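Student: Coordinates for the following, if possible.
(one chain, ligands or ions: 1)
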Amino acid sequence: MDAAYRSLGRADGIRWTPAGVEVEAPPARLAVRFLAPDVVRVEMTPAPEVPEPLPFARTEAEWERPGVAHEERGASLWLASDAMAVEIQSDPVRLVFRDGEGRLLDRDDPESGMGWRYGSVHSFREARPGDRAYGFGEKTGPLDKRGQRMTMWTTDVLPHLPTTDPLYQAIPFYVIWNAGRAHGLFFENTHRTHFDMDREGTGRYHVWSEGGRLVYYLFAGPTFAQVLERYTRLTGRMPLPPRWSLGFQQSRWGYVPQQRVEELARTFRERRIPCDVIYLDIDYMDGYRVFTWDPKRFPDPSGLCRGLKEQGFRVVTIVDPGVKVDSSYPVFREGLEAGHYVEDPAGKPYMGRVWPGEVHFPDFLQERVRRWWGDWHRTLLDAGVAGIWNDMNEPADFRVHDEDRTLPEGTLHRTDEGEVHPHREVHNLYALLMGRATSEALRRMRPQERPFLLTRSGFAGIQRYAAVWTGDNSSWWEHLAMAIPMLLNLGLSGVAFVGADVGGFRDDAEPELYARWVQLGAFTPFFRAHSAHDTRAQEPWTFGPEVEAIARGAIELRYRILPYLYTLFWEAHRTGAPIMRPLVYHFPDDPVAARVQDAFLLGPDLLVAPVLQPQARERMAYLPEGEWVDFWTGEVSRGPAHRVVEAPLERIPLFVRAGAMLPMGPVTQHTGEAGWQELTLLLYPGEAPSHWKTVLYEDDGATPAHEQGVSSRRAMALAVRERHLALDLADPEGSYAPARREVGVEVPFLPGPPRQVLLDGRQLAEGSGFTYETGRGLRLQVPQEGAHRLEVAW
Ligand code: MIG
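Tutor: Below is the predicted model:
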């Protein structure tokens, strides 16, 4: 740093506070405080007049009050809980964090520490050998961001190259993994914020924001799950989405007119390709005026939505923030009269340019504007629209031709109290606030339905309001591969409901690429195919019969795993755990797992190793410690090991953790069809002794009743020893009763014919009690109600 940089100097007075301390180091002040035993908040104010961060990323989280001891020891102050200790060295002021056992977690760079330079605030931190850095929201490039430099500034950008940065999301949060342990840091600053993760290899990280105070939270870990649990306690968690939003979704820029949409829906059903949602992109609107319908292309929106719903489809419509300047357009007029728009420095509504031509941008910083905007969704909901898709919400502005393509930084926002904030401070929050307006409105207008919102842009906390897709990728093999680290890092940034456009948005997908993409997409939390207006058609049947059959198979498999997937959504909702996880998440002590970015875990039990190269018919897959059962062949492999796996075009390499019980549903054409009356537990005993536990979560999939406990949680355990397995199904807990009398149990790869099958101690007979066929394994039914024990010997 140059001479203008000033780091914190000598402590010149301290004050102990509840669970923390305040240190004067004129002109600066430092406050360190434990929020929980494993969460510390640090705030450095370069000068008294520098304002606090805008608070919208955070929730009103409740923390368990930590017991914190404090003392002065030599030239240092110490604060300690039973999980973490902070040493505050006093001359110059530098922080050192240790875990409960005294191991170093994280520390200031001794030389530069924390400081400021003109209006910016800086944190220099020690980068340790062996550190890997994950998270950072939505970034291209490798999974491990050590050595990268990244900026947080929501931006509409294309194409996505390995060096393209920033993208649409700004999530100033990361997780450091080192020697099996993880800890996290969240920098609460809405200004443009930069992360230099030791790019020069000099052993230090540098995080700086172009305004505001330096505020960060350190989460001690030591597991990824604990870091995410804490980070999402602070920034909130995903509400459970409606079950239909876990189905396959079809989109394209340009599904017009209405008859074409109806025909699309019919084609899915005729061809027996499951699908739940059809998206309408910007052309459904009348001249790109938000909250309108093009009367010629969509003469009967209600009829459209109703007709589709009868066939089990939901409609999701795009909503962009720019309001067309047009005095005959009520949305525009209302906004203008009420003063709802972002203003230029002269106090006039700022004029930007997006799809509708000249536009004003609603100022979502204000609650009254959020409400007004939210209420306008009535026009869409009344027509029967089921969910909303927010785009261009960085916000994108074509009028500005610099690389940011957004509002000038000096454009003005206001709070409800009339306080003025420049765009440079609010920019990163724009989509978060728009998402809040939308999701709150959906709840308000349809209290008995769970809202669904998809967003392109967002900030830390966006998971509270929306699912995230990764924007304008291209139909390139490179982007198929990139989707994995991108989605994994989003998941490690608190955003579990994520996906990339299947098939690629820009450019033409070739049949083989589409086949591999739909196979991968079936295992991503958000599963939507989308393409731009000027590409070749990308519906599953446009690639010829072979690829159509492959796509059908992949999508059918998606529908079969929904009970497993839905339970993972529930876990994400409760704990903030990602749904799609890097191998290191479950195998933290495995340094090979820590660098795998061409495969991932879907929950704890499925390892997905997609084919990412053209013409490949096999690939190398890394299997971490334990036994892994090939989903297709039943072959058991023992990790840690690299394996070459067969991958004919119709098959995605897929492994089940030995000992797992996978709850599977039937193939249905949409999620509303079956309600999972049919549920089958697939057991994968493997070869070695094992013991594994899991929970199956179910509810009505549609309403917020689960918040009142109307759900069913069923614990199950599988114990395997030599030629014997025992499955214990607990009595389901909770007041939701799934509509079924029996649960299927299958052991698809039982190594030999069963010698004995006991249900609750009673012997079952082949034929009447169970069936067994080589190649299909053992099958039987057990009652849904009550606790049951199944034992099989072979
Ligand atoms: O400037 O609405 O990322 O999914 O199809 C392009 C048209 C605007 C960008 C979105 C894309 C969408 C497209 N939009």
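
Student: Please tell me how far residue 136 sits from residue 456.
Tutor: When distances are taken as CB to CB, to the nearest Å, residue 136 and residue 456 turn out to be 17 Å apart. In short, each C-beta sits where N, CA and C put it, glycine included.

Student: Helix, strand, or coil at the closest residue to residue 473 other than its chain neighbours?
Tutor: Once flanking residues are discounted, residue 473 sits nearest to residue 479: 4.4 Å by CB to CB, 6 or more residues apart in numbering. Taking DSSP: H, G, I helix; E, B strand; the rest coil as the rule, one finds residue 479 in the helix state.

Student: Look at the residue in the stretch 151-300 of the chain positioned nearest to the ligand and say how many residues are nearby.
Tutor: Among residues of the stretch 151-300 of the chain, the one nearest the ligand by CB to the nearest ligand atom turns out to be residue 253. It sits 3.7 Å away. A count of nearby residues for residue 253, using other CB atoms under 10 Å, gives 18.

Student: so how far is residue 283 from it?
Tutor: In this structure, residue 253 and residue 283 are separated by 8 Å, where distance is defined by CB to CB.

Student: Am I right that residue 791 is in a strand?
Tutor: Yes - using three-state DSSP, the secondary structure at residue 791 is a strand.

Student: Endpoint to endpoint, stretch 304-317 covers what distance?
Tutor: Here the two ends of stretch 304-317 are set 12 Å apart, with distance taken as CA to CA, to the nearest Å.

Student: Residues of this structure that sit close to the ligand?
Tutor: Taking CB under 6 Å from any ligand atom, the part of the chain that reaches the ligand is made up of 253, 281-282, 318, 391-392, 456, 471-472, 505, 530.

Student: In CSV, list the residues you listed along with pLDDT.
Tutor: Supplementary listing: the residues of the chain next to the ligand in CSV, determined by pLDDT from 0 to 100:
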residue, pLDDT
253, 98
281, 98
282, 98
318, 98
391, 98
392, 98
456, 98
471, 98
472, 98
505, 98
530, 98
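
Student: can I assume residue 538 is in contact with residue 510?
Tutor: No - the criterion here is CB atoms under 8 Å, and residue 538 misses it with residue 510 at 10.7 Å.

Student: Mind listing the shared neighbours of those two?
Tutor: Shared contacts of residue 538 and residue 510 (CB atoms under 8 Å, 6 or more residues apart in numbering): residue 475.

Student: okay, these two: which has more neighbours?
Tutor: Looking at residue 538 and residue 510 with other CB under 10 Å, you find the greater number of neighbours at residue 538, namely 24 against 14.

Student: Now do the more buried one, the pLDDT please.
Tutor: Per-residue confidence at residue 538 stands at 97 (pLDDT).

Student: Give me the distance between it and the ligand.
Tutor: As defined by CB to the nearest ligand atom, to the nearest Å, residue 538 lies at a distance of 12 Å from the ligand.

Student: For that residue, list the residues it contacts.
Tutor: The contact partners of residue 538, taken as CB under 8 Å, 6+ apart, are 252, 475, 503, 509, 514, 529, 531.

Student: how about these in CSV, adding neighbour count, distance to residue 768 and pLDDT?
Tutor: Below are the contacts of residue 538 laid out as CSV (neighbours: other CB atoms under 10 Å; distance: CB to CB, whole Å; pLDDT from 0 to 100):
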residue, neighbour count, distance to residue 768, pLDDT
252, 23, 51, 98
475, 23, 53, 98
503, 30, 48, 98
509, 28, 50, 98
514, 27, 46, 98
529, 27, 45, 98
531, 26, 52, 98
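
Student: Please identify the buried residues of the one helix or strand residue 41 maps to?
Tutor: When elements are defined using DSSP states H and E, residue 41 is found to belong to strand 39-45. The neighbour-count check on strand 39-45 (16 or more other CB atoms under 10 Å) flags 39-45 as buried.

Student: Which positions in stretch 633-652 come out as buried?
Tutor: When neighbours are counted by 16+ other CB under 10 Å, the buried residues of stretch 633-652 are found to be 634, 636-637, 639, 643, 645, 647, 649, 651-652.

Student: Can you get me the start-to-end distance on stretch 368-382?
Tutor: 22 Å.

Student: and which of the buried residues of strand 39-45 is nearest residue 88?
Tutor: The shortest approach to residue 88 among the buried residues of strand 39-45 belongs to residue 42, at 9.8 Å (CB to CB).

Student: what bridges to the closest one?
Tutor: Partner residues in beta bridges with residue 42, using DSSP bridges, are residue 32, residue 216.

Student: Extract the C-alpha trace of the helix or strand encompassing residue 105 and format it as CSV.
Tutor: Under DSSP H and E, the secondary-structure element containing residue 105 is strand 104-107. Extracted as CSV, the C-alpha positions of strand 104-107 are listed here (Å, rounded to 0.1, in the frame of the first residue of the first chain):
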residue,chain,number,x,y,z
LEU,A,104,-4.4,-20.1,15.1
LEU,A,105,-7.5,-19.5,13.0
ASP,A,106,-7.0,-16.2,11.3
ARG,A,107,-5.1,-13.0,12.0
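
Student: Which neighbouring elements make contact with the next helix or strand after it?
Tutor: The element immediately downstream of strand 104-107 (helix or strand, assigned by DSSP H and E) is strand 114-117. Counting contacts by 3 or more CB pairs under 8 Å, 6 or more residues apart in numbering; DSSP states H and E, strand 114-117 is packed against strand 6-7, strand 120-126.

Student: now the angle between strand 39-45 and the longest one, please.
Tutor: Which is strand 120-126. In terms of direction (axes from the mean of the first three to the mean of the last three CA atoms, to 10 degrees), strand 120-126 departs from strand 39-45 by 130 degrees.

Student: Tell me which strands the following helix or strand past strand 120-126 pairs with, and in which orientation.
Tutor: On the C-terminal side of strand 120-126, the nearest following helix or strand under DSSP H and E is strand 132-135. In the sheet, strand 132-135 lines up against strand 173-178 (antiparallel) (DSSP bridges).

Student: Thanks a lot, catch you later.
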